[in-house]
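J.: model this:
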Amino acid sequence: MTAPLAIPSTSPRAVAASISPSQTSTLHDRLRKRDSFSVIRQPKVLHPVDNEDLRLLLVENISQDAVRAFQAQGFHVDHYAKALSEDELIKKIPQYHAIGIRSKTKITERVIKAASKLLVIGCFCIGTNQVDLVTAGKVGIPVFNSPFSNSRSVAELVVAELIALSRQLVERSHEMRQGIWNKQSKSCWEIRGKTLGIVGYGHIGSQLSVLAEAFGMRVIFYDVVNIMPLGSARQVETLPALLSEADFVTLHVPELPETINMIGANELAHMKVGSYLINNARGRVVDIPALIAALQSKHLAGAAIDVYPQEPGSNGAPFDDQVNAWSSTLRSLPNVILTPHIGGSTEEAQRMIGEEVSLALTRYLNYGSTVGAVNFPEVDLRAITAEQGNHVRVCHVHSNQPGVLRQVNEALSPYNVEKQYSDSKGDVAYLLADIADVSPQDVNKLREMISHTSANILTRLLA
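T.: Numbers count the residues shown, from 1 in each chain. I've put the predicted structure just below:
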């Protein structure tokens, strides 16, 4: 058993106090505003009871702003520019308490089982399909992402692709680089007056809708839920209806079982002759061999692809038939724009993603907050103030079953429970409780008692 913890009574660092967020604020804004309230009531910095230094592993060249934010919290950070394979992760991850990834690194069940110290996963991107969310939740590991921060960057890339495809800019540029002058207007179009079909009218799709209308485009969209359109956009009832009406089709959907190969040979046949397909969503949303056939037959006039079923793990690696069997054929087709998953790769987006995810991970590691977690109950408590020097926060992840609160409250009964909140999501439940008048000698005893309750998954005490 570890030695009793000396509970600090003051600290130079700030922790957020709770306020009521406005309905229009984003998660990032809400958490940042909460931090500003430290000037009213100086919060207390919490530390893990076991006194172990927290180590973070960041891969895939995550923003240096995030690295600096973690280091400012006193965390040890190891930063790698490339993605790590499953075997590489299994070797490295046992020594880390947190990991930050982007889209290429896969956190599989094998990786999670090897991660004996792992407390939290941060996806510095929109998607989380590269993480086994179910397994992570079952072992008490919340997963955070940044669902909104790169929306504008992706929307602007689509606008650029609309114009580049309709004017055959890639072909003309390639010819000029070969020393060929080929000025022509045949099959080159303005996008003004054309119909843009958006599949998935979320944060990216809706922003794109506004931008497209500013160019004079007519916008229709398809989504599985009814959504109020922005501007003059119109929702259509079915995907085939959108495909048959749109001059340009752009995809903005997550990778789910029902969206894998949602654009295949049948859907491509529904598209207008001479239309264009753009995919900046997920690589497996489009059946690429079927797309190649539609381009070769001239049914489609062009396509822009930013995401692929399999992608190289690092910059400089080849994008060839060893990665995807059809890569060389796709690369040879005219009026096809191929980009290396750069939809969110702008300085602005990466800075905002770094800020948002690093803040979410820091709040969980330091204070137990799971606001914004994608696979976990969202639980938070207002801050323990600096004046409350003998308070302890209990962070208890447990199986969602009857009788747990009774067992936990029995362990807490000798103390004053100042505030407590619990919520569940599926098979996992999470409880936060702030306990007053806990002596340093009782801290480890309290943790042992709660950790040995029948439904315990993970128990942390912060003091």
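J.: would you confirm that Asn375 contacts Gly137?
T.: Yes. Judged on Cβ atoms under 8 Å, Asn375 makes contact with Gly137 at a distance of 4.4 Å. All C-beta atoms are positioned from the backbone trio N, CA, C, and that covers glycine.
J.: just for the stretch 1-150 of the chain, where's the confidence low?
T.: For the stretch 1-150 of the chain, the stretches with pLDDT under 70 are 1-52.
J.: how about the strands in it?
T.: Using DSSP state E, counting those that start in this stretch, the strands of the stretch 1-150 of the chain run over 55-58, 76-79, 98-101, 120-123, 143-144.
J.: need the winner for burial among these.
T.: Mean neighbour counts were compared across these using mean count of other Cβ atoms under 10 Å; the top stretch is strand 120-123, at a mean of 28.
J.: export that one to CSV, keeping only CA atoms.
T.: The C-alpha coordinates for strand 120-123 follow below in CSV (Å, rounded to 0.1, in the frame of the first residue of the first chain):
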residue,chain,number,x,y,z
VAL,A,120,-8.1,8.2,-21.2
ILE,A,121,-7.9,8.4,-25.0
GLY,A,122,-7.9,11.6,-27.0
CYS,A,123,-8.8,11.6,-30.7
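J.: report the distance from that strand to the chain centre.
T.: 9 Å (Cα atoms, centre = their mean, to the nearest Å).
J.: given that strand, what are its sheet partners and their directions?
T.: Strand pairing for strand 120-123, determined by DSSP bridges: strand 98-101 (parallel), strand 143-144 (parallel).
J.: could you dump those into JSON lines with distance to Ala360 added?
T.: Output for those, formatted as JSON lines (distance: least, Cβ to Cβ, whole Å):
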{"stretch": "strand 98-101", "distance to Ala360": "11"}
{"stretch": "strand 143-144", "distance to Ala360": "4"}
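J.: looking at these, spot the one closest to Ser327.
T.: Ser327 lies closest, by Cβ to Cβ, to one member of the strands paired with strand 120-123: strand 98-101, at 24.1 Å.
J.: which non-adjacent residue is nearest Asp427?
T.: Asn400 (5.4 Å; Cβ to Cβ, 6 or more residues apart in numbering).
J.: then Leu239?
T.: Closest residue to Leu239 apart from its sequence neighbours, by Cβ to Cβ, 6+ apart: Tyr222 at 5.3 Å.
J.: quick one: mean pLDDT over stretch 410-426.
T.: For stretch 410-426, the mean per-residue pLDDT is 93.
J.: list the buried residues in it.
T.: Of the residues in stretch 410-426, Ala411, Leu412, Tyr415, Gln420, Ser422, Asp423, Ser424, Lys425 count as buried by neighbour count, 16 or more other Cβ atoms under 10 Å.
J.: check contacts around the fourth one.
T.: Counting by Cβ atoms under 8 Å, 6 or more residues apart in numbering, Gln420 makes contact with Leu431, Leu432, Ala433, Asp434.
J.: does it sit in a helix, a strand or a coil?
T.: Following DSSP: H, G, I helix; E, B strand; the rest coil, Gln420 is assigned to strand.
J.: same deal with the one 4 residues further on?
T.: Secondary structure assignment for Ser424 (three-state DSSP): strand.
J.: would you agree it is in contact with Leu405?
T.: No. Counting by Cβ under 8 Å, Ser424 does not reach Leu405; the two are 11.0 Å apart.
J.: so where do the strands sit in the stretch 151-300 of the chain?
T.: Along the stretch 151-300 of the chain, the stretches classed as strands by DSSP E, counting those that start in this stretch are 195-199, 218-222, 234-235, 248-251, 275-279, 300-305.
J.: can I get the buried residues of stretch 410-426 in a markdown table including distance to Ser232?
T.: Shown next, in a markdown table, are the buried residues of stretch 410-426 (distance: Cβ to Cβ, whole Å):
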| residue | distance to Ser232 |
| --- | --- |
| Ala411 | 60 |
| Leu412 | 57 |
| Tyr415 | 60 |
| Gln420 | 50 |
| Ser422 | 46 |
| Asp423 | 40 |
| Ser424 | 43 |
| Lys425 | 38 |
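J.: doesn't Gly426 make contact with the residue nearest to Asp427?
T.: Yes. Under the criterion of Cβ under 8 Å, Asn400 makes contact with Gly426 at 7.0 Å.
J.: tell me which residue is most central in this protein.
T.: With distances taken as Cα atoms, centre = their mean, Asn145 lies nearest the centre of the chain, 2.9 Å away.
J.: find the nearest non-adjacent residue to Asp287, please.
T.: Leaving out its chain neighbours, the residue that sits closest to Asp287 by Cβ to Cβ, 6+ apart is Gly264, at 4.1 Å.
J.: cool, Ile337 as well?
T.: Closest residue to Ile337 apart from its sequence neighbours, by Cβ to Cβ, 6+ apart: Ala304 at 4.0 Å.
J.: how many neighbouring residues does Gln401 have?
T.: 11 (other Cβ atoms under 10 Å).
J.: oops, could you answer that again for Gln184 instead?
T.: Other residues close to Gln184 by other Cβ under 10 Å number 9.
J.: find me the pLDDT at it, would you?
T.: We have a pLDDT of 92 for Gln184.
J.: spit out the contact partners of the residue nearest to Ala303 when sequence neighbours are not counted.
T.: The spatially closest residue to Ala303, leaving aside those adjacent along the chain, is Leu277, at 4.6 Å (Cβ to Cβ, 6+ apart). With contacts defined as Cβ under 8 Å, 6+ apart, the neighbours of Leu277 are Phe248, Val249, Thr250, Leu251, Ile263, Leu268, Met271, Val286, Leu291, Leu300, Ala303, Ala304.
J.: tell me if I'm right that the first one and Tyr276 touch.
T.: Yes. Counting by Cβ under 8 Å, Phe248 does reach Tyr276; the two are 4.9 Å apart.
J.: need the overlap of contacts for the two.
T.: Common neighbours of Phe248 and Tyr276 (criterion: Cβ under 8 Å, 6+ apart): Leu162, Leu165, Ser166.
J.: once you drop chain neighbours, what's closest to the second one?
T.: In this case it means Leu165. That would be Gly302: by Cβ to Cβ, 6+ apart, it lies 4.4 Å from Leu165.
J.: how many other residues sit next to the one you found?
T.: 24.
J.: swap in Arg406?
T.: 9.
J.: so which elements touch the host helix or strand of it?
T.: Per DSSP states H and E, Arg406 falls inside helix 404-412. Packed against helix 404-412 by the contact rule (3 or more Cβ pairs under 8 Å, 6 or more residues apart in numbering; DSSP states H and E) you find strand 392-399, strand 428-436, helix 440-451.
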